[in-house]
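Chemist: sequence and predicted model, in that order:
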Protein chains: 4
Amino acid sequence: MISVGLIGGSGYTGRKLIQYCNLHPEISNLKVYGNTTVSKTILEIFPELQNEVSDSEILPVDKLSFDHDVYFIAVPHGEALKYVPELIEKGKKVIDLGGDFRLTNNKVYERWYKINHTAPQLLSNNVYGLADLPTTDYTNAQLIANPGCYPTAALLSLVPFVKNYTDEIISVNVAAYSGTSGAGKTPKSHLLMSEMDGNVAAYNLGAHRHEPEIMQELAKNGFNSLFAFATHLLPIAVGIYSTSFIHTKNKIDKEKIEKAYKEFYANSNFIRLRTSPPQLNWVVNTNYCDIHLSVRDNQVIIISAIDNLIKGASGQAVQNLNKMFGWNEGLGVKQGEKYESVF
Amino acid sequence: MISVGLIGGSGYTGRKLIQYCNLHPEISNLKVYGNTTVSKTILEIFPELQNEVSDSEILPVDKLSFDHDVYFIAVPHGEALKYVPELIEKGKKVIDLGGDFRLTNNKVYERWYKINHTAPQLLSNNVYGLADLPTTDYTNAQLIANPGCYPTAALLSLVPFVKNYTDEIISVNVAAYSGTSGAGKTPKSHLLMSEMDGNVAAYNLGAHRHEPEIMQELAKNGFNSLFAFATHLLPIAVGIYSTSFIHTKNKIDKEKIEKAYKEFYANSNFIRLRTSPPQLNWVVNTNYCDIHLSVRDNQVIIISAIDNLIKGASGQAVQNLNKMFGWNEGLGVKQGEKYESVF
Amino acid sequence: MISVGLIGGSGYTGRKLIQYCNLHPEISNLKVYGNTTVSKTILEIFPELQNEVSDSEILPVDKLSFDHDVYFIAVPHGEALKYVPELIEKGKKVIDLGGDFRLTNNKVYERWYKINHTAPQLLSNNVYGLADLPTTDYTNAQLIANPGCYPTAALLSLVPFVKNYTDEIISVNVAAYSGTSGAGKTPKSHLLMSEMDGNVAAYNLGAHRHEPEIMQELAKNGFNSLFAFATHLLPIAVGIYSTSFIHTKNKIDKEKIEKAYKEFYANSNFIRLRTSPPQLNWVVNTNYCDIHLSVRDNQVIIISAIDNLIKGASGQAVQNLNKMFGWNEGLGVKQGEKYESVF
Amino acid sequence: MISVGLIGGSGYTGRKLIQYCNLHPEISNLKVYGNTTVSKTILEIFPELQNEVSDSEILPVDKLSFDHDVYFIAVPHGEALKYVPELIEKGKKVIDLGGDFRLTNNKVYERWYKINHTAPQLLSNNVYGLADLPTTDYTNAQLIANPGCYPTAALLSLVPFVKNYTDEIISVNVAAYSGTSGAGKTPKSHLLMSEMDGNVAAYNLGAHRHEPEIMQELAKNGFNSLFAFATHLLPIAVGIYSTSFIHTKNKIDKEKIEKAYKEFYANSNFIRLRTSPPQLNWVVNTNYCDIHLSVRDNQVIIISAIDNLIKGASGQAVQNLNKMFGWNEGLGVKQGEKYESVF
C-alpha cells in the first residue's frame, strides 16, 4: 500500500486521478495539493463526486509533504519544473502529466514551449510513459513523462507500422480532432458552448507542442520521412480521433501488417484492434485505444480513438503507476472484474 | 432613410443588430459605439461577417454622437441608465435591449436587479415592446424597452389565454429552457463546451429577473393567480423552449380557445400557431414565435419556441424600430420576398 | 451465485444489463435471448464491449431455458406478457423493465397502452420497484415492475413532499426533459442527429404512458390534487431532467421540508440531496438521483436528475435484483470500493 | 422570369432549393415532383417553412410536366438517369445535384457506384459545376453536374495550388469531416442522435464515391501525384471541414502562394480567404467557402469549410442556375443587399 501526493487536482485530469486513486486497491492515502484552490474541498470543486469519494481539503502546495511514495503532477507546463527536481532528489517517484519532461532535448523544449528548461539533467533518465507500447521500459523508472493526448493516439497507431516499414514510408500525415476538455477548465471565449456548438476549428497549425513529441518518438523507431500534423477542436467535451495517412514506395500486404500489429500488441490489454473504423463513443470513459488499419495498394490509413482525459492523461498515468510498481496494469482504471466471465 | 447609433455592438445581440441594420432598406447609416472594443473593427470582432458587411471601426462611447435618429442599446443592465436620459432629453428615439426600462416600478427593479434606478421618471412613458402583441401601442413611442428573451416566449404564449380566462385560472407554471448564448460571450467556466456538453442545469430558481417582468405584463392583462417560473440551460447555443402549465376551475373548450388565439394573432406575421408542439429548430435563425396549445379537461399546456437572440432580442428590436416608424414590421429581419409566390 | 436469463438484450438497456451482470459478484451465468438478433453475438451488436465481456451468442427466445434463477425482461411493452406468466408459474423471479406490470389496474393499462392485458392476475402481487424509496417492500417479491424512467425521476423527488404535505398541495406540475435514448435504437426520422442537433421538442402532451404511472404512485402516498405532466426531447443521448412545480395553501418551512427529505432518504445510497440545482452531467453514467428543493413562500420547485438508462432502467433493475436477494444494493452497479477511503 | 421543376423535394437539399427558388427574383413558378410524398404538401413535409412559402402539393413525377425551363434533380444516385436524357432531348436545362453525371468516364462511374450508366453520351457535354472556380465554363451549358459536397470543399481549396505547383507536389492527403445531414433523412440506426451524440466515426475508407470525383478534377488541372482521402462523420447536423496536407519537393513561398489564391479568386464572391483557420460556424447557413493556407517549409496545410447543404449542394445549384442564365450569381442564395452599405 502506498501514499500518493497529487499536485494540481482541480482540473479535468485531476478529477480522474482522484477517482482512480480512490478505486485503487494499492493506494491507502491521497493528498491533493493546490494554489488558488487551497480554501476549498474536493467536493466543493467536484460536487459530482459526492458519495464516490469522502471529502478532503486541498492542501497548500508550498507546504508540500515529502512523505508520499509517489507524486502525480497535473499542472500547466512550466509549473512542474518547480517541484520535480526536489522530489527526484529525495528519491520520490514522479509521474508528470504535463509536457516538461517529454522532450529529451531541452533546446527543442525551449523552442516549442518558449520556456527555459531548468532541469535538463532529468531529461535523459526519465521514461516516456507510453504505457501500451510493449517496448516501454520501466526498469528503475523514477520519473515518468506521461505522454500528451494527441501523441498517445497518434503513436499507438503508428509505431508498429514505422517499426516494420521504416524504409518504405514516403510520408505520414496526421489529422487529429479533439474535444474541448483538452484545453482545460480555464474559461476562454472561444471554448464556450455558445461558440463551439456545432463548430469545428483547426488550431495551432504547424505550431502544436505535440508535434515535436510525436516526431521524437517516431524517430526513436527509425522514422525519418515527410511528416505533418494538424489539430482541430470538435464540438464535444471528450475524445480524440486521429487519422494517419501513410504513402509507401511499394504495395503493402494487408494481412502481413495486420499480423504485425496483432503480435506487437498481443499483451496490451487496452489496445483493441478493429476490423472497421472505431467510433469515438466506443472509447469515451474508458482507458482503451482502438485502432483500425485500412490498406489500399501503397496507401495506408490508420485510425485511432481514445478518451483524451483517460488514455490520453489520467488513465495512462495510473497505468504507468501500476507498471512502475509491477502491479496489474488495470488496477484503478478498469472496473473490477470477476475471475469467471458470466458467459 | 435614418441614421442609427448602436451602443454595445460586440456581443451576440450586437452582431444580429449589425446584420439587420445592414439589410434594412430604411437605414442609411450605422455607427457602433463601445468601450473595451474601441481599438477593433467590426470584422475583427465578427470575422464571420466578411463579405456581408463592410468593415468599420468601433467608436468610443464616451464621444457618442447625437446625430443619429435612433439608438439601439445592447449593454449589460445598469449601463443603459448612463446613456438613455440624455438621449431622451435630446429628443432621440431609443430601443433598449437590456432590462433597465422594462419594470415600471423602480422599487421592483431595485429589488430584483440590486441596482439603484437613476431615471425612474422614464419608466412611465416608455413602451414595453412586445412587438407581436396587437395591443402594444406605439403611438408617440420614444423609448422602447425591448422585452427579455424568456418573457417574450412566455408572454406571447400566455397573454391571449389570460385575457380570455382571467377568472378561471388557478395556477400558471412556466418551465423555460434556453441555449447558453442568453448568458452572453463573457467567458465563464460553467458555460464552457467542456461543462455544458450533454448537460442541463436549472439556475436562478425563484430569483430570475425575468420573473417580475412576466408577472407585471400578465398582471396588466388581469392575471392575479398562482405563478411560478423556472429557468434552465440547454446544451446548445441558441433557442428558448417554454412550457406553461395552466390549471383552471372549469373545463376549457379547446376549439374556443384556439379560435381566440387565431383571432388575437390574425395580423401578427411572426406568430405561427401550431397544431402539434413546435420543434425548437423550426424557429432558430428566424424571428418567429411558434405556439401550440394542448387542452385536456381543465388543464392546458402551452408550448412556445423562439430564437433567443432574434425574437428574444435583436429581431424584436428591429421589429420595434419598424413599428415605431410605421414601416412594414419585417424590414431587415425577414429575407426579402417577391411579390408573387413561386407556387 | 445465481444464473440470469436476459430476454431482449440488443437495446440500450440490454447493453447496460450485460455490463452490470458481468461485474456482479453474485451472478455466475448469463444468457441473452432474442428474436431478430439470434444469428448475432453480443460483441457484434455491441463492439464497444470488446475486452469487457467475453463474447456469446444470442439464443432464440422461443427456446427459452427455464434453468435460470432470475429473468430480466427488456422488450417493448406488450411483449413481456408473453413470457412473464409462465416464468412466474414456474417459480422464477422476474424483473420486467417495460410497462406491462407497472399499472395495478388493467383497465388503466388498456386505456393508455391500447393493448389488452392478458395477465391481470399478476398485477396485484407484483412490486413497483422504485428501489431508492425506503418504503418499497421486497418481502417475498417474485415479480418486480421496474419503474419507467420519467416516473423514477419524478417520484423520487415528489414522494417525500407528498407524504408530508398531502393536504397542503394545490397543484403539482412536472416538466420533464429526456435524452433520445429513451426512445430506443429503432431508427426513426425525427430521432436522427440531423433532426435533433440543437433541437428540443415536446411530445405526447397529455398522452404519455408514464403519466398514469406517476399519478398511481403519488395517489398511493395520499396525493389527490391538480396534476399535469409534459415530456420533451433534449438534443442529447442520455439523461432526464425533471422540474416539479408545487403550489401549497400555506407557506412551506424550508428547513422543515429539507429535514424531512434527509430523514426519508437517510439510508438511500443513490439519492444525493443537493443544496444547488444538480447538473445533468453529475448523474450521467451513474445510478444516482440528485434532488434539489427550492422553496419560496407557498411555492416549491423540486429538481431531479437521473441517467435514464441506469437509474431510470438497468441500474435500478440490478438494484432491485440486489434488494430482492438481500444483497448490498450497489453490487454490479457501483464501481467496487475499497474498505478505507484514500482520504 | 423562368419556371422551375424540382424533382425530389422532400430531403434536406430539396428544402433549401424550395427556399431559394421562393426568394429568387427571376423565378416565377416552381413545381415539386416526387414519388412516395405525392399525397403530401410542402408544408406537411417542412412545417418550418410556414409563413415563408405558400403551400403546394407534391406532384407525381411519373406525370412530370415538360413546361418548365429548368429542372433541379435532387434524388438518390441512379435515379436521375431516368429523367435526364428525356429532359435534355426536349431542350430543357438540367442541374443534377446527384452523382450520375459528375464522372466523365462511365466505366469509372460503374466501378464506384456499382450501377450501369444508361446515358454515357451525356457525360462529355455536361458542365462540372464548381461554381466558384473562375475557370468553370458555362457557355451553352445545358446539363450541369452539381459537385459533391466533399469535392466542393476539397477542390476549391486545392485547385489553385495544383495549378501553380503541379510538378512540385509529392503527396496530397485530404481528411474531411461532415455533419450527418450529408447522409440524408432516411432513418438509419447509426445516424440517430442516440448513437452520434458526442461521437465521431470514419467511414467508407478507400471506398468513398467522392474520391474519384476529386481525383478527376485535380487531374484536369495537372495533378498526378500521391493522393489519399478519408471521410468522417461529426456529431452535428450541418457542415464540412476539410484539411488537406501537401508535401512538396521544395520550400513553398508563403507570400507567393497566397497572392496566387487571391488573384485566382479575385472575382469569386463566395470564396473568403482567411488569415487564420476558419471556424465551421462561420460558413454554416451561408453559401461561402472559407479557405486558409498554412505554409511551413515544404509542407502546406489547407483548410476549407462549407455548409454541405448550401455551398455543397443547393446553394451551389442555384449559383449554377444564375451562371447558366448570366444573372448575378448571388440571386436567391444571398440575402438582398442594399446598394449602399450602412457603414
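Modeler: The structure has been received and is ready for your questions.
Chemist: and A:F46, how far is that from A:S304?
Modeler: Going from A:F46 to A:S304 by Cβ to Cβ, to the nearest Å gives 29 Å. Every residue, glycine included, has its C-beta placed from N, CA and C.
Chemist: those two: who's more crowded?
Modeler: Remark: of A:F46 and A:S304, A:S304 carries more neighbours, 28 against 20, as counted by other Cβ atoms under 10 Å in any protein chain shown.
Chemist: what about the residue in the stretch 151-300 of chain A that chain D sits nearest to, which helix or strand?
Modeler: Nearest residue of the stretch 151-300 of chain A to chain D (Cβ to the nearest Cβ) works out as A:A175 at 3.4 Å. Using DSSP states H and E, A:A175 sits within strand A:169-178.
Chemist: then that strand to CSV, C-alphas only?
Modeler: C-alpha atoms of strand A:169-178 as CSV (Å, rounded to 0.1, in the frame of the first residue of the first chain):
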residue,chain,number,x,y,z
ILE,A,169,7.5,5.2,-45.9
ILE,A,170,7.3,8.3,-48.1
SER,A,171,5.1,10.5,-46.0
VAL,A,172,3.0,10.4,-42.8
ASN,A,173,0.2,13.0,-42.2
VAL,A,174,-1.8,13.0,-39.0
ALA,A,175,-5.2,14.8,-38.9
ALA,A,176,-6.2,14.8,-35.2
TYR,A,177,-9.5,16.0,-33.7
SER,A,178,-10.1,16.6,-30.0
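Chemist: whatever residue of the stretch 201-343 of chain A ends up closest to chain B in helix, strand or coil?
Modeler: Residue nearest to chain B within the stretch 201-343 of chain A: A:A237 (3.8 Å; Cβ to the nearest Cβ). Under the three-state scheme (DSSP: H, G, I helix; E, B strand; the rest coil), A:A237 adopts coil.
Chemist: ok, the residue in the stretch 51-200 of chain A that chain C sits nearest to - contacts?
Modeler: Nearest to chain C in the stretch 51-200 of chain A, going by Cβ to the nearest Cβ, is A:S56, at a distance of 3.9 Å. By Cβ atoms under 8 Å, 6 or more residues apart in numbering or on different chains, the residues touching A:S56 are A:30-32, A:41-42, C:343.
Chemist: quick one, phi/psi of it?
Modeler: phi -160, psi 150 (degrees, to the nearest 10).
Chemist: look up how far C:V159 lies from it.
Modeler: According to Cβ to Cβ, A:S56 and C:V159 sit 33 Å apart.
Chemist: and if you look at A:T136?
Modeler: 54 Å.
Chemist: so those two - more neighbours on which side?
Modeler: C:V159 (21 against 16).
Chemist: follow-up on the earlier one: parallel or antiparallel, which strands does the strand holding A:A175 pair with?
Modeler: strand A:226-233 (parallel), strand A:240-248 (antiparallel) (DSSP bridges).
Chemist: adding mean neighbour count and mean pLDDT, write these out as CSV.
Modeler: Shown next, in CSV, are those (neighbours: other Cβ atoms under 10 Å in any protein chain shown; pLDDT from 0 to 100):
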stretch, mean neighbour count, mean pLDDT
strand A:226-233, 22, 98
strand A:240-248, 27, 98
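Chemist: make a markdown table out of the ones you listed and add distance to C:Y109.
Modeler: Formatted as a markdown table, the strands paired with strand A:169-178 follow (distance: least, Cβ to Cβ, whole Å):
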| stretch | distance to C:Y109 |
| --- | --- |
| strand A:226-233 | 49 |
| strand A:240-248 | 46 |
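Chemist: give me the phi and psi angles of A:S225.
Modeler: The phi/psi pair for A:S225 (degrees, to the nearest 10) reads phi -110, psi -170.
Chemist: pretty sure it contacts A:I170?
Modeler: Yes - in this structure, A:S225 is within contact of A:I170 by Cβ atoms under 8 Å, at 6.0 Å.
Chemist: which residue ranges of chain A form helices?
Modeler: A:12-23, A:42-45, A:80-89, A:106-113, A:149-165, A:193-196, A:210-220, A:254-264, A:280-283, A:315-325 (DSSP state H).
Chemist: nearest to C:P277, of the ones you listed?
Modeler: For C:P277, the closest of the helices of chain A is helix A:42-45, at 16.0 Å, according to Cβ to Cβ.
Chemist: so what touches the closest one?
Modeler: In contact with helix A:42-45 (Cβ under 8 Å, 6+ apart) are residues A:9-10, A:18, A:32, A:37, A:49-50, A:53, A:55-58, C:343.
Chemist: hmm, 10 Å instead?
Modeler: Contacts with helix A:42-45, where a contact means Cβ atoms under 10 Å, 6 or more residues apart in numbering or on different chains, come from A:9-11, A:14-15, A:18, A:22, A:30, A:32, A:34, A:37, A:49-58, A:185, C:343.
Chemist: same question for that helix, mean pLDDT?
Modeler: The pLDDT scores in helix A:42-45 average 97.
Chemist: count of neighbours near the residue lying closest to A:L59 once chain neighbours are set aside?
Modeler: Spatially, and ignoring its direct neighbours in sequence, A:L59 is nearest to A:Y33 (5.1 Å; Cβ to Cβ, 6 or more residues apart in numbering or on different chains). Residues contacting A:Y33 under the criterion other Cβ under 10 Å number 24.
Chemist: ok, how many other residues are close to the closest residue to the residue of the stretch 201-343 of chain A closest to chain B other than its chain neighbours?
Modeler: Closest residue in space to A:A237, ignoring its immediate chain neighbours: B:D197 at 3.8 Å, by Cβ to Cβ, 6+ apart. Neighbours of B:D197 under the rule other Cβ under 10 Å: 24.
Chemist: mind checking how far B:D197 is from B:I301?
Modeler: Counting by Cβ to Cβ, the gap from B:D197 to B:I301 is 29 Å.
Chemist: and for A:G8?
Modeler: In terms of Cβ to Cβ, A:G8 sits 49 Å off from B:I301.
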